[in-house]
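*Asks:* Predicted model and sequence follow; I will ask about them next.
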Amino acid sequence: MMDSEAHEKRPPILAASKPDRSPHLADVGELKHYLCGCCAAFNNVAVTFPVQKVLFRQQLYGIKTRDAVLQLRQDGLRNLYRGILPPLLQKTTTLALMFGLYEDLSCLLHRHVRAPEFATRSVAAVLAGTTEAVFTPLERVQTLLQDHRHHDKFTNTYQAFRALRRHGLGEYYRGLVPILFRNGFSNVLFFGLRGPIKEHLPTATTHSAHLVNDFICGGLLGAMLGFLFFPINVVKTRIQSQIGGEFQSFPKVFKTIWLERDRKLINLFRGAHLNYHRSLISWGIINATYEFLLKVV
């Protein structure tokens, strides 16, 4: 009787021997989209930063590629990577949020909202892009550091942040409206078209073929979106190059640039060809790195 009772009180063998999932592994699994997005951004910024500086000069001054390159040569090799810290911090953070929040919010909305999957994923993409805009100050400081007119005012990221502080918190968020517009709509198109584009590429049978397909898919999307939103970035750059003074609206700044460039649409796209090639490489690297790490982590 005692043996029988002891046997009944003994926990089931299967229950006792079932391994518990490691909390550490669970955390890594939940964060993998954020980690992969962060690493993909780091890889991209390190490779494409010099090209971005040439493009920035063209957006700000409306000059040709050759003239922008000559400006950088005059600045010297020492200043080539000047201003890399803000985009490095910004891109690693925002892309981590872009990929991570998109996945988390898509799952959350799919579980709790009765709507077509396309709608929930679009809303998730917009919300992820809106959250990214919290880090506008990093993009703002990057603009100032790349503008040679401010070279004598501050020499590093910390000094640039201090220079803005005396103008108030709002000064850090100049250019927020075009950034919100750009982030939201570009995220919707990027996540919405990434799958269909990849499906139309040749079927990949090896790891290297998958990597090439991911690079092509991300590159084509990035190039297309970079070209589409290029005038938005032109206006954003002009707004963020100012320190202090009146906060001018997006339409007002756009009108000023439009008049300066002889009311020709083609002049608003100066540097767009370089941006196209930069985005092709940049988003190819990001998408290929992200998808590769997603399989590894």
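*Replies:* Structure received. Numbers count the residues shown, from 1 in each chain.
*Asks:* Would you state the helices of the stretch 151-297 of the chain in chain order?
*Replies:* In the stretch 151-297 of the chain, the helices defined using DSSP state H, counting those that start in this stretch lie at 157-165, 176-199, 207-228, 230-240, 250-260, 265-268, 272-296.
*Asks:* Quickly compare those and say which is most buried.
*Replies:* Using mean count of other Cβ atoms under 10 Å, the stretch among those with the largest mean neighbour count is helix 230-240, at a mean of 22. Glycine gets a C-beta too; all of them are placed from N, C-alpha and C.
*Asks:* Work out for me the element the residue nearest in space to the middle of the chain sits within.
*Replies:* The geometric centre of the chain, computed from its C-alpha atoms, lies nearest to Leu95 (Cα atoms, centre = their mean), at 4.5 Å. Applying DSSP states H and E as the criterion places Leu95 in helix 85-112.
*Asks:* quick check: angle from that helix to helix 176-199?
*Replies:* Angle of helix 85-112 versus helix 176-199, following axes from the mean of the first three to the mean of the last three Cα atoms, to 10 degrees, is 70 degrees.
*Asks:* In this structure, spot the helix with the most residues.
*Replies:* Criterion DSSP state H: the longest helix present in the chain is helix 23-61.
*Asks:* Buried ones in that one, by neighbour count?
*Replies:* 32-45, 48-49, 51-61 (16 or more other Cβ atoms under 10 Å).
*Asks:* ok, back up a step: what average pLDDT does the helix holding Leu95 get?
*Replies:* Here the mean pLDDT over helix 85-112 is 92, rounded to a whole number.
*Asks:* Using CSV, write out every CA atom in stretch 123-142.
*Replies:* Once non-C-alpha atoms are left out, stretch 123-142 reads as follows in CSV (Å, rounded to 0.1, in the frame of the first residue of the first chain):
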residue,chain,number,x,y,z
VAL,A,123,-0.1,49.2,-40.8
ALA,A,124,2.8,47.4,-39.1
ALA,A,125,5.2,48.9,-41.7
VAL,A,126,3.9,52.4,-41.1
LEU,A,127,4.1,52.1,-37.3
ALA,A,128,7.7,50.7,-37.6
GLY,A,129,8.7,53.7,-39.8
THR,A,130,7.1,56.1,-37.4
THR,A,131,9.0,54.6,-34.5
GLU,A,132,12.3,55.0,-36.4
ALA,A,133,11.7,58.7,-36.6
VAL,A,134,12.4,59.0,-32.9
PHE,A,135,16.1,58.9,-33.9
THR,A,136,15.8,61.9,-36.2
PRO,A,137,18.4,63.8,-34.1
LEU,A,138,21.1,61.4,-35.3
GLU,A,139,20.1,62.1,-39.0
ARG,A,140,20.0,65.8,-38.2
VAL,A,141,23.6,65.8,-36.7
GLN,A,142,24.8,63.7,-39.7
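*Asks:* Buried ones in it, by neighbour count?
*Replies:* Taking 16+ other Cβ under 10 Å as the neighbour-count basis, stretch 123-142 is seen to contain the buried residues 123-129, 131-133, 135-142.
*Asks:* Low-confidence stretches in the stretch 151-297 of the chain?
*Replies:* Applying pLDDT under 70 to the stretch 151-297 of the chain flags no residue at all.
*Asks:* residues touching the residue nearest to Ala163 when sequence neighbours are not counted, list them.
*Replies:* Leaving out its chain neighbours, the residue that sits closest to Ala163 by Cβ to Cβ, 6 or more residues apart in numbering is Phe154, at 5.5 Å. Contact analysis of Phe154 by Cβ atoms under 8 Å, 6 or more residues apart in numbering lists 144-145, 160, 162-163.
*Asks:* Which one of those residues is nearest to Gly218?
*Replies:* Gly218 lies nearest to Leu145 out of the contacts of Phe154, by Cβ to Cβ, at 27.2 Å.
*Asks:* I figured the closest one was touching Ala160, is that so?
*Replies:* Yes - if you go by Cβ atoms under 8 Å, Leu145 and Ala160 touch, sitting 5.8 Å apart.
*Asks:* What sits closest to Ala124 if chain neighbours are left out?
*Replies:* Nearest non-adjacent residue to Ala124, counting by Cβ to Cβ, 6+ apart: Leu105, 3.7 Å away.
*Asks:* okay, now the one you found: neighbour count?
*Replies:* As a burial measure, the neighbour count of Leu105 was computed by other Cβ atoms under 10 Å and equals 19.
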